[in-house]
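> pasting the structure only:
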C-alpha cells in the first residue's frame, strides 16, 4: 500500500494531521512521523516546518506537500533538492489576510485606535472625515494572496499599488515591477503591506533604505515572514516618527522573546502569526486533488519553482 508521511514541528499537530489525512486517503496508509522513527517508505510527505530528520531517511519520496504558502524552511532542508515541493494556493488564507490588512488600515486611518483611547478616558472627540487619497497603500508581492489583498483594499476606495518581480496586469491597481520601479513604488506608498516570499533577494528587504523611500508617517504591515524585517532599522524609524505604526504578525524569532522591544513599543501592534490560518478542509481538498493527479501521471498545481524560491 502506498504510504504518506505526515510531519510537523509539533507532535500534537502531526497526530492531528495524520487523522485528518487518513480519512481523505482511504486507499493509502497515512503515517505520523515521530522522533527516532526510521524510514516508513513513504511516496509522499505532507509537512509544515518539519524537523530536518523527519524526511532525511525517506529516500523514496516523489513529492512533498507543504501545509502553507511559504516554503523557505523546506528549501533550506538538506536532501530535498531533487524532490518536487508543492505549496498550498490560498486554502482560505486570502480572505483572512485581506481582513487583517483592512482591520489594521481602518483602525489607523479612521482613528478607531484613537477612539479606544478616548473611550478609556471618557472623552467624546469626533475626528474629521477620512480622505482616502492621504492613505496610499502599496502591496509588496502579487501572488494569489497579494492580489486578493490589493483588490480588497482598492474596493474600499484606498489608492493601491503593487510591486512584483515581473510585470503583471491588475485592473484598477497601479503595478510596479523589478528593481527599476521599486523606488517609484515606495515613493507613492504610505501604507506598506508585505506579502513577499522569503528568498535570498527579499531577506531583510524592510530596512532603513526601504523605509526612507516611503511617504512620511508611514505604516508598515508585515504578514509574510519576520526575516523580511531588519528589526533595528524598523525600531529606529518608529522612534524617529518616520514610521507612524507597525502592525507585525511575523518575527525573526517566534514566539517573540520576552523583553523584545516590540512588546512595549507604543507604535507597534503584535499578533502571534495568525494573519491567516490554513483551513483544514480547503488544504485537504487541494492535497487530495494534487496527489490524485500525480498518481494518474498528470501535472499538479502549486509546484514550487526553486530558482525563484517560491
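Ah, there it is. For clarity, every value in this text was computed on a predicted model and none was experimentally measured.
> For residue 65, give me phi and psi.
phi -110, psi 120 (degrees, to the nearest 10).
> quick one, what contacts it?
Contact analysis of residue 65 by C-beta atoms under 8 Å, 6 or more residues apart in numbering lists 44-47, 85-86, 287, 290-291. To be clear about C-beta, it is placed using only N, CA and C from the backbone, and glycine gets the same treatment.
> so of the residues you listed, which ones are in strands?
44-47, 85-86 (DSSP state E).
> Mind checking which of these are buried?
44-47, 85-86 (16 or more other C-beta atoms under 10 Å).
> can you map out the strands along the protein?
3-8, 29-32, 44-48, 63-66, 85-87, 137-140, 160-164, 174-177, 191-194, 218-222, 243-248, 268-270.
> how near is the closest residue to residue 132 other than its chain neighbours to residue 28?
Among residues not flanking residue 132 along the chain, residue 157 sits closest, at 4.6 Å (C-beta to C-beta, 6 or more residues apart in numbering). Residue 157 is 49 Å from residue 28, where distance means C-beta to C-beta, to the nearest Å.
> sorry, back to before: and the contacts of residue 65, which is closest to residue 254?
residue 47 (17.6 Å; C-beta to C-beta).
> and that closest one, what does it touch?
6-8, 54-55, 64-67, 74.
> Among the residues you listed, which one has the most neighbours?
residue 6 (28 neighbours; other C-beta atoms under 10 Å).
> What is the burial count for the residue lying closest to residue 251 once chain neighbours are set aside?
Closest residue to residue 251 apart from its sequence neighbours, by C-beta to C-beta, 6+ apart: residue 226 at 3.9 Å. Residues lying near residue 226 (other C-beta under 10 Å) number 17.
> got it, and the one 5 residues further on?
Using other C-beta under 10 Å as the criterion, residue 231 is surrounded by 18 other residues.
> returning to what we had before: neighbour count for residue 157 and residue 28, which is higher?
Per other C-beta under 10 Å, whichever of residue 157 and residue 28 has more neighbours is residue 28, with 18 against 11.
> Any figure for the gap between the closest residue to residue 252 other than its chain neighbours and residue 72?
Spatial nearest neighbour of residue 252, excluding adjacent residues (C-beta to C-beta, 6+ apart): residue 226 at 4.4 Å. Distance of residue 226 to residue 72, given as C-beta to C-beta: 11 Å.
> ok, now which ones touch the spatially most central residue of the chain?
In the chain, the residue lying closest to the centroid (C-alpha atoms, centre = their mean) is residue 224, at 3.3 Å. If you count contacts by C-beta under 8 Å, 6+ apart, residue 224 has them with 70, 141, 194-198, 250.
> again, only this time at 7 Å
The neighbourhood of residue 224, defined by C-beta atoms under 7 Å, 6 or more residues apart in numbering, consists of 141, 194-196, 198, 250.
> Which one (most neighbours) among these?
residue 195 leads the contacts of residue 224 on contacts (other C-beta under 10 Å) with 28 neighbours.
> phi, psi of it?
phi -130, psi 30.
> Number the residues from 46 up from this point.
OK, 46 is where the count begins now, so the last one is residue 240.
> Was I right to think it contacts residue 182?
No. Residue 240 is beyond contact range of residue 182, at 11.9 Å (criterion: C-beta atoms under 7 Å).
> For stretch 249-264, measure first residue to last.
Using C-alpha to C-alpha, to the nearest Å, the end-to-end distance of stretch 249-264 comes to 17 Å.
> Now do it: everything it contacts.
In contact with stretch 249-264 (C-beta under 7 Å, 6+ apart) are residues 153, 228, 231-232, 234-237, 239, 241, 265, 267, 273-275, 278-279, 282, 287-290.
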